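In: Structure for the following, please:
(2 chains)
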Amino acid sequence: MVNPNLNKDDSISLWQLFAILENSILGTGLLNIAKTVSKVSGQDAWISTLLAGFIIIPFLWCYSSLSRRFPGHTLVDYSTRIIGKLLGNMVNISYILFEILIAALVLRIMADFISTWFLPNTPIESLLIITLFLVIYMSQGGIRTVARTSEVILFLVVPFIILLIPPATRIEINNLKPVLQSGYVNIIKGSIPALYSFYGFEVLFIASAFISDTKKIFRTSAMCISINVVFYTLVVIAIIGVMGTEILKYINYPTIYYIKSERFPFFERVDLFFAFFWTFNIFMTIGIAFYSAALSMSQLLNLKPKYGRNIGWMLAIAVYFIAKIPKNSIEVARYMLYISYMGIVVAMLIPLILAVTAAIRHIGIKDDDKA
Amino acid sequence: MPIKVIKRKKNKSDKANTQTSSAMIAPSATSLYNKLEDNISLFATLFSDCSDVIFRRFQIGKDNPLPAAIIYVDGLANRQSVDLEIMEPLMYFTRIDQKNAMSNIDIEIIKQLNITVGEIKEDQNVMNIVNAILSGDTAMFIDNFPVALILNSRGWENRGVQEPTTENVIRGPKEGFTETVRFNTALIRRRIKDPKLKMKGFKLGKRTKTDVVIAYMDDIVNETLLQEIEKRLNTIDTDAVFESGYIEQFIEDSPFSPFPQMQTTERPDKVAGNLLEGRVAILVDGTPVALIAPATFAQLYQSPEDYYERAIFGTAVRLIRLMGLFLATSLPSFYVAVLTYHHEMIPTQLVLALARSRMGVPFPAILEALLMEGVIEILREATTRLPGTIGQTIGIIGTLVIGQAAVAAKLVSPAMIIIVSITAIGAYITPNYSTTYSIRFIRFPLMIAAAFFGVFGIAAMWLFIIIHLAGLESFGIPYLAPVAPFKLSDIKDTIVRFPLWAMKKRPMIPENRNLIRQGSSAVASSRRRTRW
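Out: Next up, the predicted model:
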């Protein structure tokens, strides 16, 4: 069965899947992870991060199982066939809503971030609108454009991750001691805000439909998540090791301050360069979430590709107004926590339920063909 | 990756075919008459008021003369060839037997005539004959014989093979293409002595009937690509093709993109190299500029000299070009952004130095930058069109005098002059001239974005460019390949340039067949093993 909404020429390689996942995950999470997690689990934040990451990996198997059952199909195509029309559409809508919320929230964080660090006098609305135009432009190009842009941005970002290394020489191990002091309950609780940094992997619902080699989806995505888990854990260790948990309570975006703490010769403010290049990455997080929402929406409404391209304009208006809801950064942080909870349902429970139901009911493309 | 089928013009192509065929039909007759006089009057009406078309009647043979005539275009046909190779042997050294003379003349006898011309064809179609005459051939008619002989006598005044003006190299061949497509094909053939090198001829342009040749390696090129190019060429329905740019604009994928989607070159060695990578070259008569398709962004930053010099320097030069690209496009916008919004981004000493140099300058940074970049563009355009000697003078006046005076008058800061000079020079670091346009004109939106939103504006503009480039395709080949989509094996001839012996495979991006380029050279591999 050919999916009418996906162009059959559109296919992406595993490396492109990796790039999309990486760009989708890496974003605002990095800037704030040390603060949000250490608020709950203190100096054991790194254990929470590690825990959160490894909780996710089994769920990736659900995604890959679904895409093996329905190669070339996205969530919207198979959800109704697995758990019925009503439940399936509820799943679809909640997924679209989740992606819109992610896009809106990240957009807001990005705009706040830019206005704090670069443009204090510029109205935040103009930043939102410009970014949304770019996001629409990218999502109209379809998966090929999204995938290739991800690849380019991925190359751009690698050198700036290296900037995180030099300050790490000043880690004081005492800042991380005593280990496990905050207690098991708090460590597990702390993994919920840590999850926020890993969201983005739910793009697998969409992206895996374009992969022809469905067997390797799990390997690629698990590798990607593992790299991020290790990376985030190291970042949390380094930030807490250098700054201690007390300071983290009072500053926003500790990662930037962490880089700022190191003096480089000639370039005195490396943090600004880091922030500049990091906006590319945050943009990709928004763009991929937005693209997922737009594609799912056009599939849900069964639009022709011609109209499906323009659904972005409608979504962009929604994203814009949602992004303007939080009044200040404290509220943004609260919404981030809500997103984390919602993500547990959308990004983890839904694929689990779908995969298990599909396995029990033996539903898949191949079964259909036989019948 | 499947090749994107071009959609625009498709529905027009049927109409185009009928139009062209109707234009081809002659007003009077489509085939020749028996009588010589009828034929001559037929062509005399077709070529009425064409003073450059020469009609020459003469007798074949001395003893039993056979009336004949030749028609050719003065200036297009080589007069010596007409005189010595066609007329002289026919008039002086041909003997026609009495019995053959008038009655049963046939094609065999005609072929045995003494004509010392290399290429002879027969044709009965009037329009074909007209085309041949206008291309420089000589048409010969014989009484009682409804067939014309097309004798190849093409030879006209032309510029010889010279050093190309745009893509200069220090080391490497100095030959460049000329305006005659036949010479250009010969220059390529001289480099690739392989029957697999094919040169397919077309005629494009309803009135100019320009000769277009597509060259490719039969066993390397991707067939779908070749078919797509031929298909797109056939959809062209236009009066005139004067330059390869006409063809480029008709068949490119995204006409409104600022980036060229085909390579242009005047260098036969570049064409030959690209053919061996599985690409297709389009040569057009009347211009020394050939097109190569498909093109990728990385290719526009490669020069044949990268391969002639040793590998490390090939790599180094490519990195310098990338840097030049970045500086030429973004330096003025960073200047504007930093001076307008982010003084803290650069070291204190540098800020102070910049501030001091801008002391007394009445304009904000963006105005200063737009002004100077605008002036530089004006100068550049003016010097390109001026005659050579004056051009240099104007260049000196423009750059030295205006620059110096503007700084002395405190209209612009010296720092701005430095930046403008770097960008002006940096735009030409690309070996491909068409690309300099994109670099030059990307600068202005970047500057304006920087003026409004500082570095965020630059980031947004660059994202826009990256997204645009990522979506761009040239004949189905992603423009940003091999970076996106990433192909590790092709990277070794993109940003870096590996030693020649290390590049055993052809690049995969043009999706060619016959991937293996060479075995590993024995000398090179043994040298690698030897440890002294």
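
In: Around chain B, which positions in the stretch 1-150 of chain A sit nearby?
Out: Residues of the stretch 1-150 of chain A lying near chain B by CB under 8 Å from any CB of the partner chain: A:9, A:12-13, A:15-16, A:19, A:114, A:118-119, A:122, A:126-127, A:130-131, A:134, A:137-138, A:141, A:144-145, A:147-150. In short, each C-beta sits where N, CA and C put it, glycine included.

In: end-to-end on stretch A:260-267?
Out: 11 Å (CA to CA, to the nearest Å).

In: can that stretch be found next to chain B?
Out: Yes. For stretch A:260-267, a contact with chain B is found by CB under 8 Å from any CB, at A:266-267.

In: Off-centre distance for that stretch?
Out: Taking CA atoms, centre = their mean, to the nearest Å, one finds stretch A:260-267 lying 30 Å from the centre of the chain it belongs to.

In: quick one on the thing from earlier: so which of the residues of the stretch 1-150 of chain A next to chain B belong to helices?
Out: Counting by DSSP state H, these place A:15-16, A:19, A:114, A:126-127, A:130-131, A:134, A:137-138, A:144-145, A:147-150 in helices.

In: Separate out the buried members of the residues of the stretch 1-150 of chain A next to chain B.
Out: Among the residues of the stretch 1-150 of chain A next to chain B, the ones that count as buried by 16 or more other CB atoms under 10 Å in any protein chain shown are A:12-13, A:15-16, A:19, A:114, A:118-119, A:122, A:127, A:130-131, A:134, A:137-138, A:141, A:144-145, A:147-150.

In: May I have the residues that are in contact with the closest residue to chain B within the stretch 1-150 of chain A?
Out: Closest residue of the stretch 1-150 of chain A to chain B, CB to the nearest CB: residue A:148 (3.7 Å). Shown in contact with residue A:148 (CB atoms under 8 Å, 6 or more residues apart in numbering or on different chains): A:16, B:470-471, B:478, B:480, B:484-485.

In: For those residues, which two are the farthest from each other?
Out: A:16 and B:471 (14.1 Å; CB to CB).

In: mind checking pLDDT for the residue of the stretch 1-150 of chain A closest to chain B?
Out: Note for residue A:148: predicted pLDDT of 93.

In: Quick check: it vs residue A:227, distance?
Out: Distance, residue A:148 to residue A:227, using CB to CB, to the nearest Å: 21 Å.

In: can you check residue B:41 too?
Out: Using CB to CB, residue B:41 is found at 85 Å from residue A:227.

In: now do residue B:372
Out: Taken as CB to CB, the span from residue B:372 to residue A:227 is 46 Å.

In: So for residue B:41 and residue A:227, which sits in the more crowded spot?
Out: residue A:227 (16 against 13; other CB atoms under 10 Å in any protein chain shown).

In: for the more buried one, helix, strand, or coil?
Out: helix (DSSP: H, G, I helix; E, B strand; the rest coil).

In: Now it: closest residue in space, sequence neighbours ignored.
Out: Among residues not flanking residue A:227 along the chain, residue A:22 sits closest, at 7.7 Å (CB to CB, 6 or more residues apart in numbering or on different chains).

In: I'd like to know the average pLDDT value across the strand or helix carrying that neighbour.
Out: Residue A:22 is part of helix A:14-25, with elements assigned from DSSP states H and E. Across helix A:14-25, the average pLDDT comes to 93.

In: Could you do stretch B:156-171 as well?
Out: Here the average pLDDT along stretch B:156-171 is 84.

In: Over to stretch B:305-320?
Out: The pLDDT scores in stretch B:305-320 average 90.

In: So which bits of it are buried?
Out: For stretch B:305-320, the buried set under the neighbour-count rule, 16+ other CB under 10 Å, comprises B:305-307, B:309, B:311, B:314-315, B:317-318.

In: Kindly report the same for stretch B:194-201.
Out: Buried residues in stretch B:194-201, counting neighbours by 16+ other CB under 10 Å, are found at B:197-199.

In: Equivalent analysis for stretch B:498-508, please.
Out: For stretch B:498-508, using 16+ other CB under 10 Å, the buried residues are B:500-501, B:503, B:506-507.

In: and what of stretch B:203-213?
Out: B:204-206, B:208, B:210-213.

In: Please apply the same query to stretch B:160-167.
Out: B:161, B:164, B:166-167.

In: what's the answer for stretch B:50-62, then?
Out: Neighbour counts over stretch B:50-62 (16+ other CB under 10 Å) mark B:53-54, B:60-61 as buried.

In: Make a markdown table from the buried residues of stretch B:194-201 and add distance to chain A and pLDDT to it.
Out: Below are the buried residues of stretch B:194-201 laid out as a markdown table (distance: CB to the nearest CB, whole Å; pLDDT from 0 to 100):
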| residue | distance to chain A | pLDDT |
| --- | --- | --- |
| B:197 | 31 | 94 |
| B:198 | 28 | 93 |
| B:199 | 31 | 94 |
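
In: Save the residues you listed as a markdown table, and put in secondary structure too.
Out: Shown next, in a markdown table, are the buried residues of stretch B:194-201 (three-state DSSP):
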| residue | secondary structure |
| --- | --- |
| B:197 | strand |
| B:198 | strand |
| B:199 | strand |
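
In: Tell me how many other residues surround residue 298.
Out: Picked chain A for this. If you count neighbours by other CB under 10 Å, residue A:298 ends up with 21.

In: wait, I meant chain B there
Out: Residues near residue B:298, counting by other CB under 10 Å, number 21.

In: how close does it get to chain A?
Out: Distance of residue B:298 to chain A, computed by CB to the nearest CB, to the nearest Å: 12 Å.

In: what about residue A:96, how many neighbours?
Out: 22.

In: repeat for residue B:217
Out: Residue B:217: 22 neighbours (other CB under 10 Å).

In: quick one: contacts for it?
Out: Neighbouring residues of residue B:217 by CB under 8 Å, 6+ apart: B:192, B:194, B:196-198, B:275-276, B:278.

In: Could you double-check that residue A:177 lies in contact with residue A:43?
Out: Yes. Using CB atoms under 8 Å, residue A:177 is in contact with residue A:43, at 7.1 Å.

In: Could you check which of those two has the larger neighbour count?
Out: Neighbours were counted for residue A:177 and for residue A:43 using other CB under 10 Å; residue A:43 has more, 23 against 9.

In: Which phi and psi values does the closest residue to residue B:130 other than its chain neighbours adopt?
Out: In this structure, residue B:130 finds its nearest non-sequential neighbour in residue B:46, 6.2 Å apart by CB to CB, 6+ apart. The phi/psi pair for residue B:46 (degrees, to the nearest 10) reads phi -60, psi -40.

In: Can you pull out the low-pLDDT segments for chain A?
Out: Applying pLDDT under 70 to chain A flags residues A:1-9, A:305-306, A:366-371.

In: Just give me the residue right at the centre of it.
Out: Taking CA atoms, centre = their mean, the centroid of chain A lies closest to residue A:200, which sits 2.4 Å from it.

In: any idea how far residue B:50 is from the nearest residue to it once chain neighbours are set aside?
Out: Once flanking residues are discounted, residue A:200 sits nearest to residue A:24: 3.5 Å by CB to CB, 6+ apart. With distances taken as CB to CB, residue A:24 is found 69 Å from residue B:50.

In: Same question for residue A:277.
Out: 67 Å.

In: residues contacting whichever residue of the stretch 301-450 of chain B sits closest to chain A?
Out: Going by CB to the nearest CB, chain A is nearest to residue B:345 of the stretch 301-450 of chain B, at 5.0 Å. Residue B:345 makes contacts with A:269, A:272-273, B:338, B:455, as judged by CB under 8 Å, 6+ apart.

In: now, which of those lie within strands?
Out: Secondary structure defined by DSSP state E assigns none of the contacts of residue B:345 to strands.

In: Contact residues of chain B facing chain A?
Out: Listed as neighbours of chain A in chain B under the rule CB under 8 Å from any CB: B:1-2, B:4, B:341-342, B:344-345, B:347-348, B:453-456, B:459-460, B:462-464, B:466-467, B:469-471, B:478, B:480, B:483-486.
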